[in-house]
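Predicted model and sequence follow; I will ask about them next.
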Amino acid sequence: MSKNQTKAVVKAKKEPSGMWQLLFAMGITIFGLLILLILVKLKKAPERVEKENPAPLVEVTTLNIRDIQMIVSGYGTVTPKVQVEIVPQVSGKVVSVNPQFKAGGFIPAGSPLLEIDPRDYELAVQQAQAIVAEALVKLDLEKAEAQVAKQEWDQINPNTEPTSPLVLRQPQIRQAQAKLESAKAQLAAANLSLERTKLSLPIDVRIISEKIDLGQYVIAGQSLGTAYGLESVEIELPLEDKELAWFDVPDGQNLSSKPVEAEIKANFAGAEQSWTGYVKRTTGQVDKTSRLISVVIEVPEPFDTSGGRNALLPGMFVEVFIKGKELKNAAAVPRNAIRNSNEVWLVNDGRLHIQLLEIARADKDFAYAASGVDDGAVIVLSSLDMATEGMKVRVQAKIPAQNKQFIENENHPAGQETE
């Protein structure tokens, strides 16, 4: 037997053994799949438990019904009540200037701001005095001549009155009298011009600007600087006309018996400062662009720095709080609790209820409801994607009934409660 024949016989013997291995593997795989299928069929499905959606969690606050003093607030700029242009009434060379006559300087009432060379005006006074003396002598002479004329008339025409006033020189006396009065007027004018060589103001002032130097020649009517009075300052507060209903504004005809007080606040020199002012008037016209009307607040003694307070300077931007009338039996509702301009969400026994309000006034922090809620009502502050009448809610926490805004009223008043 050849080698090729021998290899063929060996190969024929090996082929049946490999076939059995393949069949065995396929049988194991099929058996495993059958077992897995049986287990899947016999396994019980997990019980389905439906999860209950919890009620939404909301933040609430409690409302109190009471008398609330309305506070009308706004912003404005401080301006001087009295501002004057410093102008001389006579001409001449400046021979003296007050050391405080410079920007920022304080000058008391009656103190000279500057002095103009008075010598020309002193000479004018002397000349006017001489004219007065001459006119007085002329009048005395006319009176003496009139007396002589009267004596001569009586000697020639006894017991008769002169037929003409010229006989007793009455026209001449009146003429001399008129010249004397004119001379006295000239003397008074000369003295007045001499007084005006010392320029002063009748009020305490602070200098804003000055345009004068020692030795400078000035003319009458020339502006030498600007100053403002220290007695008081004013603030124009632009408001909507509906806000005027909440406080009394003096208009010259219907004067309020008690001045309406206002608090002025400003951050200055690194700290918050406050001053007290009073409502004085309106500007008497509505702004054509903004449609607002300005109320004028006057602040007396703005430069009083007692108690460590800074001066209220012109140009400062301030916030004004006017203490207005009381709204009786009302509730201050936080603005973030107002829905659809006049609704709130009440919570009662874990249920939400939609309630309409009658809102008398609103500011940036609160809406003031004259009716619609009871004392102690609990309202929702949180926002909800959807709110329906009677839906269940959970209360997170209750804010104290006394709103923080009222507690801090003296610092940042937006409404004030009265017990």
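Received the coordinates, thanks.

Check whether residue 386 sits in a helix, strand or coil.
Secondary structure, DSSP: H, G, I helix; E, B strand; the rest coil: residue 386 is coil.

Now for it, how many residues are close by?
Look at residue 386: counted by other C-beta atoms under 10 Å, it has 6 neighbours. C-beta here means a position set from N, CA and C on the backbone, and glycine is covered the same way.

Dihedrals phi and psi, it?
phi -150, psi 130 (degrees, to the nearest 10).

so who does it touch?
Applying C-beta atoms under 8 Å, 6 or more residues apart in numbering to residue 386 gives no contacts.

pLDDT score assigned to it?
Looking at residue 386, its pLDDT is 87.

what does the one 3 residues further on give?
Model confidence at residue 389, expressed as pLDDT, equals 91.

and it, what element?
Per DSSP states H and E: residue 389 is located in neither a helix nor a strand.

Name the nearest residue to it, ignoring sequence neighbours.
residue 354 (5.6 Å; C-beta to C-beta, 6 or more residues apart in numbering).

Now that the one you found has come up, it's in contact with residue 387, right?
Yes - counting by C-beta atoms under 8 Å, residue 387 is a contact partner of residue 354 at 7.1 Å.

Which one's more surrounded, the two?
Neighbour count, other C-beta under 10 Å: between residue 354 and residue 387, residue 387 has more, with 17 against 14.

residue contacts, the more buried one?
339, 345, 352, 354.

Most neighbours of all those, which one?
For those, neighbours tallied by other C-beta under 10 Å; top is residue 345, 22 neighbours.

Using the three-state scheme, assign that one.
Applying three-state DSSP: residue 345 is strand.

i'd like the first residue to be 42 from this point on
From this message on, residue numbering opens at 42, which makes the last subject residue 386.

picking that back up, can you give me the distance of the residue nearest to residue 430 to residue 389?
Distance, residue 395 to residue 389, using C-beta to C-beta, to the nearest Å: 12 Å.

And residue 353, by the same measure?
50 Å.

rewinding a little: got the confidence number for the residue nearest to residue 430?
So, for residue 395, pLDDT stands at 94.

Equivalent analysis for the one 4 residues further on, please.
Among the per-residue scores, residue 399 shows a pLDDT of 94.

Am I right that it is in contact with residue 410?
Yes - at 6.3 Å, residue 399 and residue 410 qualify as touching, with contact defined as C-beta under 8 Å.

The helix or strand containing residue 338: how far from the chain's middle?
In this assignment (DSSP H and E), residue 338 forms part of strand 334-341. How far strand 334-341 lies from its chain's middle: 9 Å, per C-alpha atoms, centre = their mean, to the nearest Å.

Quick one: name whatever helix or strand follows that strand.
strand 358-375.

Show me how far that next one is from its chain's centre.
Counting by C-alpha atoms, centre = their mean, strand 358-375 comes out at 15 Å from the chain centroid.

Neighbouring strands - and their directions - for that strand?
strand 107-121 (antiparallel), strand 302-309 (antiparallel), strand 407-412 (antiparallel) (DSSP bridges).

Mind exporting the C-alpha coordinates of that strand to CSV?
C-alpha atoms of strand 358-375 as CSV (Å, rounded to 0.1, in the frame of the first residue of the first chain):
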residue,chain,number,x,y,z
PHE,A,358,-29.9,113.1,43.9
VAL,A,359,-32.2,112.1,46.8
GLU,A,360,-35.2,109.9,47.5
VAL,A,361,-38.3,111.5,49.0
PHE,A,362,-40.9,109.9,51.2
ILE,A,363,-44.1,112.0,51.7
LYS,A,364,-46.2,111.0,54.7
GLY,A,365,-49.7,110.9,53.2
LYS,A,366,-53.3,110.1,54.3
GLU,A,367,-54.4,106.9,56.1
LEU,A,368,-56.3,104.1,54.3
LYS,A,369,-58.8,102.7,56.7
ASN,A,370,-59.2,99.0,57.3
ALA,A,371,-56.9,97.9,54.5
ALA,A,372,-54.3,95.2,53.9
ALA,A,373,-50.8,95.6,52.5
VAL,A,374,-50.4,92.8,49.9
PRO,A,375,-46.9,92.1,48.6
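
can you pull the buried residues of that strand?
By neighbour count on 16 or more other C-beta atoms under 10 Å, the buried set for strand 358-375 is 359-365, 368, 371-375.

Closest one of these to residue 258?
Checking the buried residues of strand 358-375 against residue 258 by C-beta to C-beta gives residue 359 as the nearest, at 42.7 Å.

and that closest one, what is it in contact with?
116-119, 276, 305-307, 353.

ditto for residue 306
Going by C-beta under 8 Å, 6+ apart, the list of residues near residue 306 reads 313-315, 359-362, 453.

circling back to that earlier point, with pLDDT as added columns, please give the buried residues of strand 358-375 in JSON lines.
Rendered in JSON lines, the data for the buried residues of strand 358-375 read as follows (pLDDT from 0 to 100):
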{"residue": "359", "pLDDT": "96"}
{"residue": "360", "pLDDT": "96"}
{"residue": "361", "pLDDT": "96"}
{"residue": "362", "pLDDT": "96"}
{"residue": "363", "pLDDT": "96"}
{"residue": "364", "pLDDT": "94"}
{"residue": "365", "pLDDT": "93"}
{"residue": "368", "pLDDT": "93"}
{"residue": "371", "pLDDT": "94"}
{"residue": "372", "pLDDT": "94"}
{"residue": "373", "pLDDT": "94"}
{"residue": "374", "pLDDT": "95"}
{"residue": "375", "pLDDT": "94"}
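
Okay, now the unreliable bits of the stretch 342-460 of the chain?
438-460 (pLDDT under 70).

can we see that at 90?
345-351, 382, 390, 405, 413, 424-429, 436-460 (pLDDT under 90).

element containing the nearest residue to residue 225 once chain neighbours are set aside, please.
Leaving aside its sequence neighbours, residue 225 sits nearest to residue 173 (C-beta to C-beta, 6+ apart; 5.6 Å). Secondary structure from DSSP H and E places residue 173 in helix 160-197.

This completes my enquiry, with thanks.
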